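# here is my input, please return the structure:
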Amino acid sequence: MALLILWLLFWAGPGYDQLLQDGLVAMKAGRMDDARLNLERAVKAKPDGGEAWAALAQVYFRLNFAISARNSASKAETFAAKNPAVLRGLADYYAVAGDAGRAADYEERYALAMGVKDPNAVSEAVELRIRAKQTKAAIALATRALASGDNARLRGLLANAYEADGQKARAITEYNRAILLDPYEQGYYFQLSQLLIDEENFTTARQVLEAARKIFDKSPEIELALGTACYGLKKYDDAGFAFLKTVMLAPQAPQAYSFLGRVIDQSTRWLPEITAVFQSFAEAQPRQYLPQFLYGKALFLGGKDLAEAEARLRKSISIEDGFWESHYQLGLLLQKQAKLPQALEELKKGAKLAPKDPLPHIELARVYDLLGKPAEAKLERAAAERAAAGERPRPAPVHHSRK
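Coordinates of the predicted model:
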């Protein structure tokens, strides 16, 4: 009799739990076909197996079987009730399927079912609410959870929610609280600094970022943000140093090069170092207009190799004719060489491409004066005054994705 039972068990094959486990392992390893086969066998063995249906919905979605994925999710919902495994599986499915709102619903139910057994579940639910742009619900959920105990991640997420909801003052407060609870999480400093820079509170932003720099001394994000704050304070030498350090830490960060290009309009303190950086940038990306422009501009400001500066600026224009600053800088260079008619043409192109920037008009007025055309010079000065009435652009803060 015992031998008969063993024989029947052998031919019956693995049971539901084993098939579910094998399916989950295969799914985690990215072996979706194996996962599908195991999970399909699991739901045949146990049609009310909500955990398997929820996992199968995720697998079908990743295999681009959209209808089967939705049907499997519907089956899982039938058996969800207060089963934490099914609730979590449905939250995961709707998250990967792009329905953050429904994912948050199930994650919140999962958090309630698990209680203290999974303290991260509430944070996941808040994050999903934010992703779904349900900021009021995210704020309410995070606030309730914090009443039971403080933690940095929830404070940071509450700050995210307040920021997304337009409540910037409260967001700033919560980022500060998150930093106090976890001073080694770089994201809190960075996100706080971005809010402060957006509010043009450059002094406080600089203080926050200098504190962060002491901890995260090899962070290009912190250096780039610090450079932006220093630029806003008109501390151009400090800004240049921070942007140079950004490039050293992250040579592929395009914003740092653009910001350095603005710094040298205001200060030549780091011009040799910046010129060397731009040379490497231009040589590494010979088919991109911006590196050629920046290197040409730096050479022109250095005044030692005007022929190469002109060649780089013309190369920038040949790659991208619609970038006004290349025409403007080339116009300045030609003006310096007393090639006034050619300078006039380049400055006109720059003014046409950037009608709201006063600089091309100011230089056009000077060239017209040198050409003995006072009436045209007067018109350009008037155009420059109109353009100057608007705010000139400053380096914008760099943003990265929220954690």
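# hey, let's count contacts and neighbours off CA atoms from now on
Noted.
# dump the residue contacts of residue 146.
The neighbourhood of residue 146, defined by C-alpha atoms under 8 Å, 6 or more residues apart in numbering, consists of 154, 155.
# same thing but 7 Å
Contact analysis of residue 146 by C-alpha atoms under 7 Å, 6 or more residues apart in numbering lists nothing.
# quick check: the gap between it and residue 166.
Here the criterion is C-alpha to C-alpha, to the nearest Å. By it, residue 146 lies 21 Å from residue 166.
# next one: residue 97
For residue 97 relative to residue 166 (C-alpha to C-alpha), the value is 28 Å.
# pick out whichever of these two has more residues nearby.
Taking neighbours as other C-alpha atoms under 10 Å, residue 97 and residue 166 compare with residue 97 leading, 17 against 12.
# nearest residue to the more buried one other than its sequence neighbours?
residue 61 (7.1 Å; C-alpha to C-alpha, 6 or more residues apart in numbering).
# pretty sure the one you found is touching residue 70, no?
No - using C-alpha atoms under 7 Å, residue 61 makes no contact with residue 70, being 8.3 Å away.
# name the residues of stretch 178-196 that are buried.
By neighbour count with 16 or more other C-alpha atoms under 10 Å, stretch 178-196 contains the buried residues 178-179, 181, 183, 185-196.
# residue 44: neighbour count?
The local packing of residue 44 (other C-alpha under 10 Å) involves 12 other residues.
# which helix or which strand is home to it?
Assessed by DSSP states H and E, residue 44 sits inside helix 32-45.
# what comes up buried for that helix?
Under 16+ other C-alpha under 10 Å, the buried positions of helix 32-45 are 32, 34, 35, 36, 38, 39, 40, 41, 42, 43.
# then stretch 90-101?
90, 91, 92, 93, 94, 95, 97, 100, 101.
# the residues you listed in helices, which ones?
The helices, defined by DSSP state H, take in 90, 91, 92, 93, 94, 95, 100, 101 from the buried residues of stretch 90-101.
# disregarding residues adjacent in the polypeptide, which is nearest to residue 215?
residue 184 (7.3 Å).
# all helices for the stretch 201-350 of the chain, in order.
Under the criterion DSSP state H, counting those that start in this stretch, the stretch 201-350 of the chain contains helices at 202-215, 220-232, 236-249, 254-266, 271-284, 289-302, 306-319, 324-336, 340-353.
# make CSV from these and add mean pLDDT, distance to residue 75 and mean neighbour count to it.
What follows is these, written out as CSV (pLDDT from 0 to 100; distance: least, C-alpha to C-alpha, whole Å; neighbours: other C-alpha atoms under 10 Å):
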stretch, mean pLDDT, distance to residue 75, mean neighbour count
helix 202-215, 98, 49, 18
helix 220-232, 97, 45, 27
helix 236-249, 97, 50, 23
helix 254-266, 94, 48, 20
helix 271-284, 97, 55, 18
helix 289-302, 97, 54, 25
helix 306-319, 98, 56, 20
helix 324-336, 97, 59, 24
helix 340-353, 97, 59, 21
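# now those helices in TSV, with distance to residue 133?
Formatted as TSV, these follow (distance: least, C-alpha to C-alpha, whole Å):
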stretch	distance to residue 133
helix 202-215	27
helix 220-232	26
helix 236-249	32
helix 254-266	28
helix 271-284	39
helix 289-302	36
helix 306-319	40
helix 324-336	38
helix 340-353	37
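# so which of those helices comes closest to residue 76?
helix 220-232 (42.6 Å; C-alpha to C-alpha).
# elements contacting the closest one?
helix 202-215, helix 236-249 (3 or more C-alpha pairs under 7 Å, 6 or more residues apart in numbering; DSSP states H and E).
# ok and the last one relative to helix 271-284, angle-wise?
Using axes from the mean of the first three to the mean of the last three C-alpha atoms, to 10 degrees, the inter-axis angle of helix 236-249 relative to helix 271-284 is 30 degrees.
# can you name the residues in contact with helix 236-249?
218, 220, 223-224, 226-228, 230-231, 253, 256, 260, 263, 266-267, 269-270.
# do that again at 6 Å, thanks
Contact with helix 236-249 is made by 220, 223, 224, 227, 230, 231, 256, as judged by C-alpha atoms under 6 Å, 6 or more residues apart in numbering.
# from the chain's centroid, how far away is it?
Helix 236-249 sits 20 Å away from the centroid of its parent chain (C-alpha atoms, centre = their mean, to the nearest Å).
# also the first one?
In this view, helix 202-215 has its centroid 20 Å away from the chain centroid, taken as C-alpha atoms, centre = their mean.
# who touches that helix?
By C-alpha under 6 Å, 6+ apart, helix 202-215 touches 193, 196, 226, 229.
# mind putting these into a markdown table with distance to residue 126?
A markdown table is the format used below for the contacts of helix 202-215 (distance: C-alpha to C-alpha, whole Å):
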| residue | distance to residue 126 |
| --- | --- |
| 193 | 22 |
| 196 | 24 |
| 226 | 30 |
| 229 | 30 |
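# farthest pair in those?
196 and 226 (11.5 Å).
# for residue 51, which non-adjacent residue is spatially closest?
The shortest distance from residue 51 to any non-neighbouring residue, by C-alpha to C-alpha, 6+ apart, is to residue 86 (4.8 Å).
# please name every helix or strand in contact with the host helix or strand of the one you found.
In this assignment (DSSP H and E), residue 86 forms part of helix 84-96. Secondary-structure packing of helix 84-96 (3 or more C-alpha pairs under 6 Å, 6 or more residues apart in numbering; DSSP states H and E): helix 50-62, helix 100-114.
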